[in-house]
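> Got a predicted structure plus its sequence, pasted below:
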Amino acid sequence: MGDGREGSRHQAGVGIILARLLAGCCAAIACSLGPAAAQEPSDAKIPSFAELEAAGAFIGEVRIDTRDIFDLADEKENGILYRAANALHIQTRAGVVRRQLLFKPGERVSVRLIEETERLMRSGRIFYDVSIVPVGYRDGVVDIEVRTRDTWTLEPGWSASRAGGVNKTGFTLRDTNALGTGVLIGATRSTDADRTETKYSVSQLHAFDGWTAINYSHSRLSDGQSNALSIARPFYALDTRWAAGFSAFTDTRIDSVFSNGAKVAQFRHMQDSAETSGGWSAGLVDHWTHRYSAGLSYLKDTYKVEPDAPLPPPDPFPLDQTLVSPFFRYELVHDNYEKVKNRDLIERPEYFAMGTQASVQLGRSLTGLGSTQQLWLYSASASDGFRLASNRVLLGSASVSGQSGYAPLDRQLASGSIRFYDHHQGDRTLTFASLSGGIVKDPNLANQLVLGGDTGLRGYPRNYQTGERLALLNVEERVYTDWYPFRLFRVGGAVFYDWGRAWGGPGESPSSAHWLRDVGFGLRILSTRSSFGNVLHVDFAFPLVREPGIKSFQFLVQTRLSL
């Protein structure tokens, strides 16, 4: 027993010595690591992207953090329905995000490229939120993390809308981010006053190099059908150096001519078109981008009297034409964008082009290539933004297009608009005004301008006025509430005044003799967690100029892309 106790004491002593040696080694290691830890503490502040760019930093690792629709760490979003939505949803794959980045490891940090990447990614609408942040910085190299939060992209359901006294219903089964791949697959069926349409579509907007878009759609109409195919690598960013594309489209349907909101003539319109082009640019130079493109376009319009149509054909009847035209296009873009909230959406980031953007295209149809006539084909457009005093903004745009060289086929369409935004104190109310107009010169009644309940004059029937000239004023007082029901919808409202008229030409309707006015009010409901991001408009509009057959009010329910 004595020998046993002595053995135990001896073993205990050895254990104590070993423990002290181990503790000493740990202390030595800690001391040796102490200076390094002091040089780069874990909570050290990382410079901003602007500071990193000024320091000439390079990009190291680029991490992708794709997140689900709802943030379960937020107690307001940690309910059973939110968890179920996350469980059913397939998150966007990291490769889909990576293909949309304008920067990559090894390049110098550029604030402009980072901001442009965020703007382009938000425009795709499959993301509820996008943020790009520096997460580590050492020896002139910064690691970047791209954080995205998905939207709900599967849209199954039934829809109904009413505008201008006409109902429209539809059924949709569509996913704009199928299996998290960024591919759109969908089928829709809709019925309105003109036709019933069943449409199948598939799109991949980031194929191959990440910026090539492939689109295909097929529509079966109650009065015809249409098909569209395109594959294009556009000038997707300000510094993109080249672009190329091809598109083709076929369509046949019955078109109608309107007078006082009623159909008065019908005819069958068949159209085939195709275009191929290529472009070059020197990229972004001193905040400006110049782009040059050349290509070949094909357009064939055929018109026929529909034997079984309940209405007679129009007089004069449209003329057939085939135009094969080489063309040249020039584009100008100024790098000047503004990121705001509560303008055309509710509590969502919006980007507005505040710099000059312009495009001019000129082509010549040649009989040697199969054209029915030699015509000059032209189009031009321009837009600009102006920042005024007291947080006011003015946005203007104008466009003109047409063909000239043979009187029976000469036509021209010119249009323009001015939009004014005036934010009030607190950023929850805004005065909006829009003045728009157009003029068309065309011997065919097929291209008349129309104005009514579905085109901005909300207190009147659909296509109530027709003519060669159009003018429309819309004034709204918008309210953006902070009500966020179920963390799914943003709610706002508006009171509005509309004033306008369409008149002139052989297609002028009797109602076009007067300027029309209406007032009204309505709700605005923005779907924030779906990729469609539509704004539901529920309006009551009251006409101030009553004519025979005009109801005392119009009830409108429709979805739009903005307030």
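Looks like it came in fine. Since we're looking at a predicted model, the values are computed, not measured.
> who's in contact with residue 419?
By C-beta atoms under 8 Å, 6 or more residues apart in numbering, residue 419 lies in contact with 394, 395, 396, 432, 433, 434. C-beta here means a position set from N, CA and C on the backbone, and glycine is covered the same way.
> so where's the stretch 401-550 of the chain uncertain?
Along the stretch 401-550 of the chain, segments meeting pLDDT under 70 span 443, 445-446, 532-533.
> If you could redo that for the chain, that was the one I meant.
1-44, 157-159, 163-165, 443, 445-446, 532-533.
> ok so, going back, which of the contacts of residue 419 count as buried?
Buried by 16 or more other C-beta atoms under 10 Å: 395, 432, 434, out of the contacts of residue 419.
> any idea which of those residues is the one closest to residue 79?
residue 432 (35.4 Å; C-beta to C-beta).
> which SS class is the closest one?
Three-state assignment for residue 432 (DSSP: H, G, I helix; E, B strand; the rest coil): strand.
> separation between the spatially most central residue of the chain and residue 531?
The chain has residue 123 as the residue nearest its centroid, 5.5 Å off, counting by C-alpha atoms, centre = their mean. Using C-beta to C-beta, to the nearest Å, residue 123 is found at 12 Å from residue 531.
> Ok, residue 125 next?
Residue 125 is 5 Å from residue 531, by C-beta to C-beta.
> before we move on, what about residue 279?
In this view, residue 279 and residue 531 are 29 Å apart by C-beta to C-beta.
> which one is residue 60 nearest to, not counting chain neighbours?
residue 141 (4.2 Å; C-beta to C-beta, 6 or more residues apart in numbering).
> Distance of that neighbour relative to residue 103?
Applying C-beta to C-beta to residue 141 and residue 103 gives a distance of 14 Å.
> now residue 197
Distance from residue 197 to residue 103, by C-beta to C-beta: 42 Å.
> for residue 332, same thing?
The gap separating residue 332 from residue 103 is 25 Å, by C-beta to C-beta.
> What of residue 145?
13 Å.
> Which single one of the buried ones among the contacts of residue 419 is nearest to residue 337?
Distance to residue 337, by C-beta to C-beta, is smallest for residue 395 among these, at 12.3 Å.
> Does the closest one lie in a helix or a strand, and which?
strand 392-404 (DSSP states H and E).
> Partner strands of that strand and their direction?
strand 376-388 (antiparallel), strand 411-423 (antiparallel) (DSSP bridges).
> Could you dump these into a markdown table with distance to residue 542 added?
Converted to a markdown table, the strands paired with strand 392-404 look like this (distance: least, C-beta to C-beta, whole Å):
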| stretch | distance to residue 542 |
| --- | --- |
| strand 376-388 | 32 |
| strand 411-423 | 24 |
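> of these, which approaches residue 56 most closely?
Comparing those by C-beta to C-beta, strand 376-388 comes nearest, at 31.8 Å.
> What residues of the closest one count as buried?
377, 378, 379, 381, 382, 383, 384, 385.
> can you list contacts of that strand?
By C-beta under 8 Å, 6+ apart, the residues outside strand 376-388 that reach it are 297, 323, 325, 327, 336, 338, 352-365, 393-405.
> quick one: the strands in the stretch 101-250 of the chain?
127-138, 141-150, 154-163, 166-175, 183-191, 196-207, 212-221, 224-233, 242-259 (DSSP state E, counting those that start in this stretch).
> Direction included, what does the fifth one pair up with?
Spelled out, it's strand 183-191. Here strand 183-191 is paired, per DSSP bridges, with strand 166-175 (antiparallel), strand 196-207 (antiparallel).
> what's the angle from the longest one to strand 224-233?
Angular relation of strand 196-207 and strand 224-233 on a 0 to 180 degree scale: 10 degrees, by axes from the mean of the first three to the mean of the last three C-alpha atoms, to 10 degrees.
> Give me the contacts around strand 196-207.
96, 99-100, 124, 174, 182-191, 212-222.
> okay, that strand in PDB with CA atoms only?
C-alpha atoms of strand 196-207 as PDB (Å, rounded to 0.1, in the frame of the first residue of the first chain):
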ATOM      1  CA  THR A 196     -58.000  35.600 -76.300                       C
ATOM      2  CA  GLU A 197     -54.300  34.800 -76.200                       C
ATOM      3  CA  THR A 198     -52.300  31.800 -74.900                       C
ATOM      4  CA  LYS A 199     -48.600  32.600 -74.800                       C
ATOM      5  CA  TYR A 200     -45.600  30.300 -74.100                       C
ATOM      6  CA  SER A 201     -42.200  31.900 -73.400                       C
ATOM      7  CA  VAL A 202     -38.600  31.000 -72.400                       C
ATOM      8  CA  SER A 203     -35.700  33.400 -71.800                       C
ATOM      9  CA  GLN A 204     -32.100  33.200 -70.700                       C
ATOM     10  CA  LEU A 205     -30.800  36.700 -70.100                       C
ATOM     11  CA  HIS A 206     -27.300  35.700 -69.000                       C
ATOM     12  CA  ALA A 207     -26.200  32.900 -71.400                       C
END
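> now that strand and strand 212-221, what's the angle there?
Using the same axes, to 10 degrees: strand 196-207 against strand 212-221 is 170 degrees.
> and strand 196-207, which residues are buried?
197, 198, 199, 201, 203, 204, 205, 206, 207.
> is it possible to export the buried ones among the contacts of residue 419 to JSON lines including distance to residue 461?
Shown next, in JSON lines, are the buried ones among the contacts of residue 419 (distance: C-beta to C-beta, whole Å):
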{"residue": "395", "distance to residue 461": "30"}
{"residue": "432", "distance to residue 461": "25"}
{"residue": "434", "distance to residue 461": "21"}
